[in-house]
Every structure is written in structure tokens, then in C-alpha cells.
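A.B. asks: Could you look at this predicted model? Sequence included:
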Amino acid sequence: MAELEQETLALDRSTRDPQRMTWRGAHPALWLAIFGVLIAFAWEMLQLPFYETGDLNPAAAARRCALAALGDAGIMVAAYLGASIGSGKTPWLLAWPVSRFVAYLIIGLSVTAAIEMLAVRSDWGWTYSPAMPLVPILDIGAVPVAMWIIVPTVALWMTRRMGVN
């Protein structure tokens, strides 16, 4: 019985070895876009109390959140592709190297911070409600910054789960 357990553990470890894993199906950027837009939409809807929404009815709020979620997913894909530069033909998600993951987060956080800084200081942008905590020095919302750590990480993890064989 103990031998069988040891063989099962060895087999389990070998199937988790990044050297033996392969990517199946669609390109990771496609899965990231799909998971990213779905998760980001839920986040956008939940963070509405942190923004001034004026007289938006539920349909208008959902439409704005859907557009924001599409933008968030676009940033996720761009950050993934940016972090992929020089990684070769195999998607880096197989091994999930820390350096690529950190590059992914830095690219996304940088784009998000730039968009937030522009949007809250322009007529075409948005306004925070008094409930929005601000990131010191940058004076941008802490909720969108947290979003760009949590949502893209979950979307990337789900993408990896979908494509690893």
C-alpha cells in the first residue's frame, strides 16, 4: 500500500513538473481576455460605491462597467504579452516564473495608475466618492490599484488552469 502511495505521489509530482507540462488549446491571451473581462465586470460593479455615479440608472451603470471591464481585460492581455517578450514559444504560464509575473503586474499597475491619474483630472474621466481611499502621493484610488493586483492574478491563474495539460 505504501509503495502505491509513493508511486502516486511521484506521478503527481512529475505531472506538475513545468518541464513535462504542455499548453493545450487557445492562446493564453484569449483565455486571459475571457476570464479577465468576466472577473473585471464583477469587480467594476462591486466598486461602484467608490465612484460618483450621479443619476445613472442600472442599465447605464452596467454599460459603463462593461466598457471598463473590456478596458481592464485589454490591459491584462497587453501586460501578459509585454511580460512574454523573450520567453520563447512556450507560454510562460506553464512554469509561472516570478520575474514574468512581477513584470505582468508592474506593466498593468503602471497603465492603470496612468489612466487613473488622467481620468480623475480631466473632464472626460470619473470622480471618486468620499468612500474611495486614496494612494498617498499619487492621489489615485486604492480600489482600482487593488483591482489590478487581485483580478489579473485570478484571471491569470484561471488561464493557466485552463491551458495546462
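C.D. replies: Perfect, I can see it now. The model shown is predicted, which means the values in this text are computed figures rather than measured ones.

A.B. asks: For the closest residue to S84 other than its chain neighbours, give me its contacts.
C.D. replies: With sequence-adjacent residues excluded and distances taken as C-beta to C-beta, 6 or more residues apart in numbering, S84 is closest to W92, at 6.0 Å. To be clear about C-beta, it is placed using only N, CA and C from the backbone, and glycine gets the same treatment. By C-beta atoms under 8 Å, 6 or more residues apart in numbering, the contact list for W92 reads A83, S84, R100.

A.B. asks: Among those residues, which one lies nearest to L118?
C.D. replies: Ranked by distance to L118 (C-beta to C-beta), the contacts of W92 are led by A83 at 23.3 Å.

A.B. asks: any idea how far the residue nearest to S84 is from G82?
C.D. replies: Using C-beta to C-beta, to the nearest Å, W92 is found at 12 Å from G82.

A.B. asks: Can you identify the element that follows the helix or strand containing L32 toward the C-terminus?
C.D. replies: Following DSSP states H and E, the helix or strand that holds L32 is helix 28-46. Going down the chain from helix 28-46, the next helix or strand is helix 58-84, by DSSP H and E.

A.B. asks: Next, M132: secondary structure please.
C.D. replies: Following DSSP: H, G, I helix; E, B strand; the rest coil, we place M132 in the coil state.

A.B. asks: nearest residue to it other than its sequence neighbours?
C.D. replies: F50 (4.3 Å).

A.B. asks: Number of residues surrounding that neighbour?
C.D. replies: 17 (other C-beta atoms under 10 Å).

A.B. asks: ok, it touching I140?
C.D. replies: No - taking contacts as C-beta atoms under 8 Å, F50 lies outside contact range of I140: 11.7 Å.

A.B. asks: Let me know the distance separating P133 from A142.
C.D. replies: Distance of P133 to A142, given as C-beta to C-beta: 4 Å.

A.B. asks: what about these two, which has more around it?
C.D. replies: Per other C-beta under 10 Å, whichever of P133 and A142 has more neighbours is A142, with 15 against 12.

A.B. asks: and the more buried one, what does it touch?
C.D. replies: M132, P133, L134, V135.
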